[in-house]
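A.B. asks: build me a model from this:
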Amino acid sequence: MKKRLAEGLPPKPERQTVGQFLNTWLDTVCPANVGDKTLRTYRDLVEDHIIPALGRIELSKLGSQHVQQLVKYLRSKPKSPRKKTLNAAVSAGAQEQEMPPTSECLSPRTVKHCRDALRAALNVAIQWNLVSRNAAALTKIAKERKPLPKIYDEAQVPRFWEAIAGDRLEPLFWLALCVGPREGEVLGLQWPDFDLEHGTVTIQRSLQRIKIKGAKKSGLELVRTKTQGSDRTVLLPQIVLEKVIAHRTRQAEERELAGGAWQETGMVFTTHKGTPIDPRNMLREYYRLRDRAQLPKIRLHDLRHSAATILN
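C.D. replies: As a prediction, this is how the structure comes out:
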């Protein structure tokens, strides 16, 4: 008490639970320091996993043993049914509470994300003089052994090029394979990002589907790239540059055909009405082309790894 008084603090720390503090952290600190997608991830981790296990504990009494117990609990916690599966069951007449639990547990990655989110929150609690140490920072988690990324090899890439030839999104897939942008980054490209004279493209934003707290539906929004180092200018291979130029011509034709229905957004890859393409629709088209060519079932994101391997 004397130490706290000497530091100009109340004799006793404010009494609040871990759950109360985490909600305050989500509502006041996170919106100003992380992107909307990261905030949504933090909120899901906190509300679905951390608060149910630790929410009632008094914040000042939270110790490493509590966090270690949380990690142990999460490792054996069954995954919740996927939303699509749940909706299908409900529409078929099944009650949500009657859904059989899945035998699959949370992934080690999800468990680590929960620990990391709690650690980030407790760092703020230290700054606010609510706790004297970070209990989550003292909790160790065994490193997950990551599998090698799946890629298209040099024999499969020509089959992929053949599969996408003539497709409306062909230039998008060429960019994904030869330049290596993330999914949201390639969908967030606008025409001023391209310097067609010098053959470069600048990646500086990402298109993501974001659901704001309290909103009924999510919406497409342009946000910052994942990290500051993600902003970059890339020299385009000649064939990719030609595909982009041809795409600009085709988009001009679509604009003329759409007439008054066209919504000018300045986006490079759009729907037939000029609006941004939903990432889910882009993925559906990629899966269709991939499966038609009987190629390995790798994610669109794995084209980034394929690009690095091919260009090497």
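
A.B. asks: so where is the stretch 201-312 of the chain shaky, pLDDT-wise?
C.D. replies: For the stretch 201-312 of the chain, applying pLDDT under 70 flags the ranges 212-215, 308-312.

A.B. asks: list the buried residues of the helix or strand encompassing V240.
C.D. replies: V240 belongs to helix 238-258 when assigned by DSSP states H and E. By 16 or more other C-beta atoms under 10 Å, the buried positions in helix 238-258 come out as 240-241, 243-244, 247, 251, 255. Using the backbone N, CA and C atoms, a C-beta is placed for each residue, glycine as well.

A.B. asks: do the same with stretch 134-147
C.D. replies: Buried residues in stretch 134-147, counted by 16+ other C-beta under 10 Å: 134-137, 139.

A.B. asks: turn these into TSV, including distance to I277.
C.D. replies: Formatted as TSV, those follow (distance: C-beta to C-beta, whole Å):
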residue	distance to I277
N134	42
A135	44
A136	39
A137	41
T139	42
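
A.B. asks: tell me how many other residues crowd A32.
C.D. replies: By other C-beta atoms under 10 Å, the residues close to A32 number 7.

A.B. asks: just for the stretch 1-150 of the chain, where's the confidence low?
C.D. replies: In the stretch 1-150 of the chain, residues with pLDDT under 70: 1, 4-5, 7-14, 81-103.

A.B. asks: give me every residue that touches D195.
C.D. replies: Neighbour list for D195: 201-202 [criterion: C-beta atoms under 8 Å, 6 or more residues apart in numbering].

A.B. asks: bridged to it, which residues?
C.D. replies: Beta bridges link D195 to T200 when assigned by DSSP bridges.

A.B. asks: on that earlier part again, of the buried residues of stretch 134-147, closest to R232?
C.D. replies: The shortest gap between R232 and any of the buried residues of stretch 134-147 belongs to A137, at 32.2 Å (C-beta to C-beta).

A.B. asks: what's the nearest residue to that closest one if we skip its chain neighbours?
C.D. replies: R119 (5.3 Å; C-beta to C-beta, 6 or more residues apart in numbering).

A.B. asks: that neighbour: which element?
C.D. replies: helix 108-127.

A.B. asks: show residues contacting the helix holding V240.
C.D. replies: 168, 170-171, 174-175, 178-179, 191, 194, 196, 199, 201, 236, 262, 264, 268, 270, 272-274.

A.B. asks: for stretch 261-274, buried residues please.
C.D. replies: In stretch 261-274, counting by 16+ other C-beta under 10 Å, buried: 262, 267-271, 274.

A.B. asks: strands of the chain, residue ranges please.
C.D. replies: 194-195, 200-203, 206-210, 219-223, 232-235 (DSSP state E).

A.B. asks: pick the most buried one from those.
C.D. replies: strand 206-210 (a mean of 20; mean count of other C-beta atoms under 10 Å).

A.B. asks: returning to that earlier point: Q68 is nearest to which of the strands of the chain?
C.D. replies: Taking the strands of the chain one by one with C-beta to C-beta, strand 206-210 is closest: 33.8 Å.

A.B. asks: how long is stretch 223-242 end to end?
C.D. replies: Counting by C-alpha to C-alpha, to the nearest Å, you get 28 Å between the two ends of stretch 223-242.

A.B. asks: should've said stretch 139-152
C.D. replies: 39 Å.

A.B. asks: related to what we said a few turns ago, residues contacting the residue nearest to A137?
C.D. replies: R119 neighbours (C-beta under 8 Å, 6+ apart): 134, 136-137.

A.B. asks: show me which of the residues you listed is closest to L303.
C.D. replies: L303 lies nearest to A136 out of the contacts of R119, by C-beta to C-beta, at 35.3 Å.

A.B. asks: which ones are touching that closest one?
C.D. replies: 67, 115-116, 118-119, 122.

A.B. asks: out of those residues, which are buried?
C.D. replies: If we count by 16+ other C-beta under 10 Å, those have these buried: 67, 115, 118-119, 122.

A.B. asks: the residues you listed: which two are farthest apart?
C.D. replies: R115 and L122 (10.5 Å).

A.B. asks: on that earlier part again, any chance of the strands of the chain in CSV, plus distance to E58?
C.D. replies: Putting the strands of the chain into CSV (distance: least, C-beta to C-beta, whole Å) gives the following:
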stretch, distance to E58
strand 194-195, 56
strand 200-203, 46
strand 206-210, 34
strand 219-223, 37
strand 232-235, 47
